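**Q** My questions are about this predicted structure, shown below with the sequence.
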Protein chains: 2
Amino acid sequence: MSLLVVGSVAFDAIETPLGKVERTLGGAATYFALAASHFTPVRLVGIVGEDFTEQDEAIFRGRKIDLAGLERAPGKSFFWSGRYSQNMNERTTLVTELNVFGSFRPKLPEAYRDSEHVFLGNIDPTLQRSVLKQVRPKPKSVGLDTMNYWINGTPQELRETLKRVHILTINDDETRQLTGEHNLFRAARGVFKMGPKTLIIKRGENGAVMVHEEFIFAVPAFPLEEVHDPTGAGDTFAGGFMGYLASKGRISEQTLRSAMVYGSVLASFTVEQFGVERLAQVTKSEIRARAKQFARITTFKL
Amino acid sequence: MSLLVVGSVAFDAIETPLGKVERTLGGAATYFALAASHFTPVRLVGIVGEDFTEQDEAIFRGRKIDLAGLERAPGKSFFWSGRYSQNMNERTTLVTELNVFGSFRPKLPEAYRDSEHVFLGNIDPTLQRSVLKQVRPKPKSVGLDTMNYWINGTPQELRETLKRVHILTINDDETRQLTGEHNLFRAARGVFKMGPKTLIIKRGENGAVMVHEEFIFAVPAFPLEEVHDPTGAGDTFAGGFMGYLASKGRISEQTLRSAMVYGSVLASFTVEQFGVERLAQVTKSEIRARAKQFARITTFKL
């Protein structure tokens, strides 16, 4: 089933305790699309500048990723630079140059308007809503990511957008800031009132927890002996999650649970190398094998 | 099967964002014994002062907890006072008065010497080893808890003791300090070389991970809407874990996995109220019910 994603396509400079890259293709929509395309065709809505080359585009080619909605504008692409702490749990943003992304007004190609599943990457909530308005009929599922900048800066706009969202994917701190509630399970009830009936709390090396009105599901992070670069892990998770859901076409307790596992599987590949290097190489059989390992890591008999 | 625990029996003053208590029975061996006694008879080795009353003793009574090894000494019992941060993830120790615990030299009653399972609570590694030497024949399983104070302060003594230990239960930071390795799964291999073939990393609200030479198992923390007091959660976990293992009498992949779940179940009760208040009241059917809920929280089909 058709899955539309809107979000950033960017170039990143990344420094972690295990190395650095000066310029690599990144951005939430990039990680999301690469992950989701293993499960379902993806329609990407974003904007890049003149520095986005054939070579960059090649990373998407040969996959089920439609770039008709990737606008090309005069100027430079979004650029982000960051440095991770020794334990990789914290990062400092060194540079953020919005460039063409600063005047991004998402326009859906006609062929995208019937998208059944939509993921609104972390951008201005007003723009997120403008994307939803262009989709007809209403999508079966809408996922949304956001961050402190919008939670604190444009709370009313975000609230308005959240009314139309089914699945919210944020982290612990963002959950607390959005709801003003420290306890995450009480916070989830606050989120339910805002619209989304499914809250996914991303916890990095501690995995992810899904709080649904009817059930709770937790998945650990895949145990890795070497994490090179956490950049894009959350976006990859969202891509694997939404991609799997869209491929099933049906949102049920069972598909939501499995989607959490596949999201975690994809994210575990992303962090193994810098940027999208590993994610862009991963095969279906590697994904299947790691999903089975997840089962072994979490199975018990009482 | 017989399970021996050595560790502190103390009085605690605790302050959390949800309240405070001026003086409540605590100490690692107390939490451990109360939790483990739901599964198997427990033999407690510790020391208390003259301030340990009939009323305090009553908390252990009516359970399968043998107090023949609880020494009574002139003076006051170990006293600890601490305050938790707003998010309860950090705590500040306000007072530590060792009192009679400062001259504790564990002596096992004759009837304890045949203990088949032993848990060495967080005390001086030399004393931990002296307990092991008094058990004949060698126990089937030995668990050990320790902390930064011993890891940094008496590293050689700790290493010597670890040679005789099967299961090490510590937290993320302690794992890193003990092994000098940031990545926890690589750190586990360092631990295996020291002796224990099973490392359990306690992660508080993020659950626990078991790294065994042959497999990895992760369990989330039980989702609670109200945590009143995290004190004793780790000791309760260890008690539920070792108690279940001892009751099965057999250390296998399956019993180790189930033990992780029961440890988490018991810990989830402890943190619901101050001190041992909730733990001392929990029933077998409550434990069974919550263990089943754990299964629901972690189950998925690929």
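**A** Structure received. Everything quoted here is computed from the prediction, not taken from an experiment.

**Q** Tell me where chain A has strands.
**A** Secondary structure of chain A (DSSP state E): strands located at A:3-6, A:10-16, A:19-26, A:42-48, A:65-72, A:78-84, A:91-97, A:117-120, A:141-144, A:167-171, A:198-202, A:208-212, A:216-219.

**Q** Quick check: which of the ones you listed is nearest to chain B?
**A** With C-beta to the nearest C-beta as the criterion, chain B lies closest to strand A:216-219 of the strands of chain A, at 3.7 Å. For glycine as for every other residue, the C-beta is placed from the backbone atoms N, C-alpha and C.

**Q** For the closest one, name the packing helices and strands.
**A** Helices and strands touching strand A:216-219, as assessed by 3 or more C-beta pairs under 8 Å, 6 or more residues apart in numbering or on different chains; DSSP states H and E, comprise strand A:208-212, helix A:253-270, helix B:284-298.

**Q** Sheet partners, orientation included, of that strand?
**A** Each strand paired with strand A:216-219, and its direction, by DSSP bridges: strand A:208-212 (antiparallel).

**Q** Skipping adjacent residues, who's closest to the residue in the stretch 1-150 of chain A positioned nearest to chain B in space?
**A** Nearest to chain B, among the residues of the stretch 1-150 of chain A, is A:N87, at 6.3 Å (C-beta to the nearest C-beta). If the residues on either side of it in the chain are set aside, A:N87 comes closest to B:H182, at 6.3 Å by C-beta to C-beta, 6 or more residues apart in numbering or on different chains.

**Q** count of neighbours near the one you found?
**A** Residue neighbour count, defined by other C-beta atoms under 10 Å in any protein chain shown, stands at 15 for B:H182.

**Q** One more: A:V227?
**A** Here the number of neighbours of A:V227 (other C-beta under 10 Å) works out to 23.

**Q** I'd like to know how many residues surround the closest residue to it other than its chain neighbours.
**A** Distances taken as C-beta to C-beta, 6+ apart place A:V271 nearest to A:V227, at 4.8 Å, with adjacent residues excluded. For A:V271, the neighbour count with other C-beta under 10 Å is 25.

**Q** same thing with A:M210?
**A** A:M210 is flanked by 24 other residues according to other C-beta under 10 Å.

**Q** quick one: contacts for it?
**A** Contacts were defined as C-beta atoms under 8 Å, 6 or more residues apart in numbering or on different chains; by that measure A:M210 touches A:198-201, A:216-218, A:256-257, A:260.

**Q** Bridge partners for A:D66, pull those for me.
**A** With DSSP bridges applied, A:D66 shows beta-bridge pairing to A:R43.

**Q** And it, what's its pLDDT?
**A** On pLDDT, A:D66 comes in at 98.

**Q** Kindly report the residues of chain A close to chain B.
**A** Taking C-beta under 8 Å from any C-beta of the partner chain as the test, the list of chain A residues beside chain B reads A:86-87, A:182-186, A:203, A:206-207, A:209, A:211, A:215-220, A:223-227, A:254, A:257-258, A:260-261, A:291-292, A:295-302.

**Q** how about 7 Å then?
**A** Residues of chain A found near chain B (C-beta under 7 Å from any C-beta of the partner chain) are A:87, A:182-183, A:185-186, A:203, A:206, A:209, A:215-218, A:220, A:223-226, A:254, A:257-258, A:261, A:291-292, A:295-298, A:300-302.

**Q** if I look at A:G26, how far off is A:P230?
**A** Between A:G26 and A:P230 the distance, using C-beta to C-beta, to the nearest Å, works out to 12 Å.

**Q** Of the two, which one has the most company?
**A** Each of A:G26 and A:P230 had its neighbours counted (other C-beta under 10 Å), and the higher figure belongs to A:G26 (26 against 18).

**Q** what's the spacing between the more buried one and A:S81?
**A** Applying C-beta to C-beta to A:G26 and A:S81 gives a distance of 10 Å.

**Q** Please enumerate the shared neighbours of these two.
**A** When C-beta atoms under 7 Å, 6 or more residues apart in numbering or on different chains defines a contact, the residues bordering A:G26 and A:S81 alike are A:D12.

**Q** of the residues of chain A next to chain B, buried ones?
**A** Among the residues of chain A next to chain B, the ones that count as buried by 16 or more other C-beta atoms under 10 Å in any protein chain shown are A:183, A:185, A:203, A:206, A:209, A:216-218, A:220, A:223-224, A:257-258, A:261, A:291, A:297-298, A:300.

**Q** Run through the residues that contact A:T154.
**A** Each residue near A:T154 by C-beta under 7 Å, 6+ apart is listed here: A:P125.

**Q** pLDDT score for it?
**A** Confidence per residue is given as pLDDT, and for A:T154 that number is 98.

**Q** again with A:L302
**A** Reported pLDDT for A:L302: 88.

**Q** Name the residue closest to the centre of chain A, please.
**A** Per C-alpha atoms, centre = their mean, the C-alpha nearest to the average position across chain A is that of A:D235, at 2.6 Å.

**Q** Not counting sequence-adjacent ones, nearest residue to that residue?
**A** Closest residue to A:D235 apart from its sequence neighbours, by C-beta to C-beta, 6+ apart: A:Y31 at 3.8 Å.

**Q** So that neighbour sits against A:G239, correct?
**A** Yes: using C-beta atoms under 7 Å, A:Y31 and A:G239 qualify as a contacting pair, with a distance of 6.2 Å.

**Q** If you count surrounding residues, which of these two has more?
**A** More neighbours surround A:G239 than the other of A:Y31 and A:G239, with 35 against 32 (other C-beta under 10 Å).

**Q** what's that one in contact with, if anything?
**A** When contacts are counted by C-beta under 7 Å, 6+ apart, A:G239 touches A:31-36, A:266.

**Q** nearest to A:P125, of the contacts of A:M210?
**A** When those are ranked by distance to A:P125 (C-beta to C-beta), A:L199 comes first, at 16.8 Å.

**Q** dump the residue contacts of the closest one.
**A** The contact partners of A:L199, by C-beta under 7 Å, 6+ apart, come to A:168, A:175, A:188, A:191, A:211.

**Q** Next one, pLDDT for it please.
**A** On the pLDDT scale, A:L199 is placed at 98.

**Q** Can I get the contacts of A:L199 in JSON lines including distance to B:S77, pLDDT and neighbour count?
**A** Shown next, in JSON lines, are the contacts of A:L199 (distance: C-beta to C-beta, whole Å; pLDDT from 0 to 100; neighbours: other C-beta atoms under 10 Å in any protein chain shown):
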{"residue": "A:L168", "distance to B:S77": "49", "pLDDT": "98", "neighbour count": "26"}
{"residue": "A:T175", "distance to B:S77": "41", "pLDDT": "97", "neighbour count": "25"}
{"residue": "A:A188", "distance to B:S77": "42", "pLDDT": "97", "neighbour count": "26"}
{"residue": "A:V191", "distance to B:S77": "46", "pLDDT": "98", "neighbour count": "23"}
{"residue": "A:V211", "distance to B:S77": "42", "pLDDT": "98", "neighbour count": "23"}
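
**Q** Any chance of JSON lines for those residues, columns distance to B:G49?
**A** As requested, the contacts of A:L199 are arranged in JSON lines below (distance: C-beta to C-beta, whole Å):
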{"residue": "A:L168", "distance to B:G49": "53"}
{"residue": "A:T175", "distance to B:G49": "45"}
{"residue": "A:A188", "distance to B:G49": "46"}
{"residue": "A:V191", "distance to B:G49": "50"}
{"residue": "A:V211", "distance to B:G49": "46"}
